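1. Build me a model:
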Amino acid sequence: MNEKVYNYRITINTNTHPLGIILDYIANSLHINNYAVRKKCRKRELVYARQLYCYFATKWTTYSLDFIAQLIQKDHSTVIYSQKRIVDLLSIKDSITVDYLHMHEITINELLKKAS
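-> Next up is the predicted model:
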């Protein structure tokens, strides 16, 4: 039996590591505890926060899908699905949703530039 074991105990500095900056920003902007985003829970606001994290992490970093997923205790397929969900939201072309995601994108981009 071949089983893939994921190391979910990744520790990163949220002040300097790009994935930590993205996760911390999303948790703070949605008024959610950073730990709550990473725990196993299917509450809508936590799922949405994880989806935003996956979308921006794949868009603004070069880390593998597995590494991005490990920070939120998921696997790479969750990252792929999350990307698609956010892209689907953007394709609706609801002006509020597009403006909201665009605002997050600008802020995350600025935070990542400051950290590097």
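2. CA atoms for contacts and neighbours, from now on please.
-> Fine.
3. what's next to stretch 103-111, contact-wise?
-> The contact list for stretch 103-111 (Cα atoms under 8 Å, 6 or more residues apart in numbering) reads 21-22, 25, 56, 60.
4. which one among those residues gets closest to Gln83?
-> Gln83 has its nearest neighbour among those in Phe56, at 8.5 Å by Cα to Cα.
5. buried residues in the strand or helix carrying the closest one?
-> In this assignment (DSSP states H and E), Phe56 forms part of helix 44-60. For helix 44-60, the neighbour count (16 or more other Cα atoms under 10 Å) marks 46-58 as buried.
6. Same list, those residues, but as TSV with pLDDT and distance to Arg38 please.
-> Output for those, formatted as TSV (pLDDT from 0 to 100; distance: Cα to Cα, whole Å):
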residue	pLDDT	distance to Arg38
Leu46	94	9
Val47	94	10
Tyr48	91	12
Ala49	92	10
Arg50	95	8
Gln51	94	12
Leu52	92	13
Tyr53	95	11
Cys54	95	12
Tyr55	94	15
Phe56	93	16
Ala57	95	14
Thr58	95	17
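7. can I get those residues in TSV with distance to Asp99?
-> Below are the buried residues of helix 44-60 laid out as TSV (distance: Cα to Cα, whole Å):
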residue	distance to Asp99
Leu46	21
Val47	20
Tyr48	16
Ala49	17
Arg50	19
Gln51	17
Leu52	14
Tyr53	17
Cys54	19
Tyr55	16
Phe56	15
Ala57	19
Thr58	20
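8. Tell me the gap between the helix or strand following the helix holding Phe56 and the middle of its chain.
-> Counting by DSSP H and E, the element after helix 44-60 in chain order, helix or strand, is helix 65-71. How far helix 65-71 lies from its chain's middle: 10 Å, per Cα atoms, centre = their mean, to the nearest Å.
9. Who are the packing partners of helix 65-71?
-> When contacts are defined as 3 or more Cα pairs under 8 Å, 6 or more residues apart in numbering; DSSP states H and E, helix 65-71 sits against helix 44-60, helix 76-91.
10. hmm, 7 Å instead?
-> Here helix 65-71 touches helix 76-91, going by 3 or more Cα pairs under 7 Å, 6 or more residues apart in numbering; DSSP states H and E.
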